[in-house]
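Student: My questions concern the predicted model and sequence given below.
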Amino acid sequence: MNEQTYEDFISTVSHELRTPLTSIRGFSQTMLASWDRLDDESKKKFLKIIEEQSNRLITLVENMLSVTKLQSSKDMLIYKETDIKPIINTVVSIVKNQYPSRKFVVDVSNKTPTVLVDRDKFQQVMMNLIENAAKYSFENSDITIKITSCENCEFVSIKISDTGVGIKPEDRERIFDKFSRIDNPLTRKVQGSGLGLYITKNLVEKMKGKISVDSLAKDDGKSFITTFEVRFPVCNIENQAREICKQ
Ligand SMILES: Nc1ncnc2c1ncn2[C@@H]1O[C@H](COP(=O)(O)OP(=O)(O)OP(=O)(O)O)[C@@H](O)[C@H]1O
Ligand SMILES: [Mg+2]
């Protein structure tokens, strides 16, 4: 990292840490100073904000650790033959809990081959993409996760689609950069550090997969169907013969 990049990194990180910390401090101070005057509902509301902001700090620290690990050669991936459906279902139930107004549809073709991935990293990739789909889509909209493959295909494809603010063609490369967020009414409303997709792309490519994005305007001209597609290598006969596809 050169000096300028390092300085940018430190100032972004400090800003990202300071915002939730300031709000945690502010709401705890208010509660301590006005405990007797606050009704139960306000206390609950303030504690909820403190909880949300602490979660945001945890995600941020975890993301920064992932970024550091990505840059180090010591971060070894453990490849295993993996049935991806249960992992996707777990991620969906976690995100659903955070975004109860979204409707999640998991569409799986019956015979999905197993893929060769590091299970934790695969789950992290799915978490980032499905969480983004919920974060940047409209209330009460559908989020679909479609898994497809074909006989003799080298890859399994996972498409995550949402209906929301969309991503303009000129922004579609930039979103994968470190700390990059696109300014729009929804991103201003929801919090994030812009590390999720940077980590996701790096992990997918480390696992010999591919990631792409598309965003198409709907007839109303205001909403877009955004689809992120990831592809992972299947556990085919060749890989099995090379003994890299074992449980
Ligand atoms: N499904 C989506 N629809 C519209 N915009 C999206 C979508 N996914 C990502 N983006 C845009 O790409 C930017 C980068 O996404 P990324 O996941 O890297 O960061 P983030 O969600 O802002 O923060 P975090 O690090 O917490 O994930 C987002 O800020 C948003 O502007
Ligand atoms: Mg994100």
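Tutor: Ah, there it is. Ligands and ions are numbered 1, 2, ... in the order given.
Student: Every contact and neighbour count from this point should use C-alpha atoms.
Tutor: Will do.
Student: residues contacting the residue of the chain found nearest ligand 2?
Tutor: Proximity of the chain to ligand 2 (C-alpha to the ion) peaks at residue 196, 4.4 Å away. Residues near residue 196 by C-alpha atoms under 8 Å, 6 or more residues apart in numbering: 63, 128.
Student: Tell me the confidence at it?
Tutor: The model reports residue 196 with a pLDDT of 94.
Student: backbone phi and psi for the spatially closest residue to residue 222 that is not a sequence neighbour, please?
Tutor: Excluding the flanking residues, the one nearest residue 222 by C-alpha to C-alpha, 6 or more residues apart in numbering is residue 165, at 7.6 Å. In terms of degrees, to the nearest 10, the main-chain angles of residue 165 are phi -70, psi -20.
Student: what's the neighbour count on residue 112?
Tutor: 18 (other C-alpha atoms under 10 Å).
Student: For ligand 1, see how far away it is.
Tutor: Remark: distance between residue 112 and ligand 1 (C-alpha to the nearest ligand atom, to the nearest Å) = 24 Å.
Student: start the count at 400, not 1, going forward
Tutor: Okay, residue one is now 400; in that scheme the one you just asked about reads as residue 511.
Student: Look up how far residue 608 lies from that residue.
Tutor: Using C-alpha to C-alpha, to the nearest Å, residue 511 is found at 16 Å from residue 608.
Student: before we move on, what about residue 532?
Tutor: Taking C-alpha to C-alpha, one finds residue 532 at 20 Å from residue 608.
Student: Which one's more surrounded, these two?
Tutor: residue 532 (24 against 19).
Student: Surely that one touches residue 564?
Tutor: No - with contact defined as C-alpha atoms under 8 Å, residue 532 does not count as touching residue 564 (10.3 Å).
Student: Which parts of the chain are strands?
Tutor: Taking DSSP state E, the strands of the chain run over residues 478-481, 502-507, 514-517, 541-547, 554-563, 609-616, 623-632.
Student: any chance of these in JSON lines, with distance to residue 444, mean neighbour count and mean pLDDT too?
Tutor: Formatted as JSON lines, the strands of the chain follow (distance: least, C-alpha to C-alpha, whole Å; neighbours: other C-alpha atoms under 10 Å; pLDDT from 0 to 100):
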{"stretch": "strand 478-481", "distance to residue 444": "41", "mean neighbour count": "19", "mean pLDDT": "90"}
{"stretch": "strand 502-507", "distance to residue 444": "26", "mean neighbour count": "15", "mean pLDDT": "96"}
{"stretch": "strand 514-517", "distance to residue 444": "39", "mean neighbour count": "24", "mean pLDDT": "92"}
{"stretch": "strand 541-547", "distance to residue 444": "28", "mean neighbour count": "20", "mean pLDDT": "97"}
{"stretch": "strand 554-563", "distance to residue 444": "27", "mean neighbour count": "24", "mean pLDDT": "96"}
{"stretch": "strand 609-616", "distance to residue 444": "36", "mean neighbour count": "17", "mean pLDDT": "97"}
{"stretch": "strand 623-632", "distance to residue 444": "33", "mean neighbour count": "21", "mean pLDDT": "96"}
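Student: Next, format these as TSV and append distance to ligand 2.
Tutor: Conversion of the strands of the chain to TSV gives the following (distance: least, C-alpha to the ion, whole Å):
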stretch	distance to ligand 2
strand 478-481	24
strand 502-507	18
strand 514-517	20
strand 541-547	15
strand 554-563	13
strand 609-616	14
strand 623-632	12
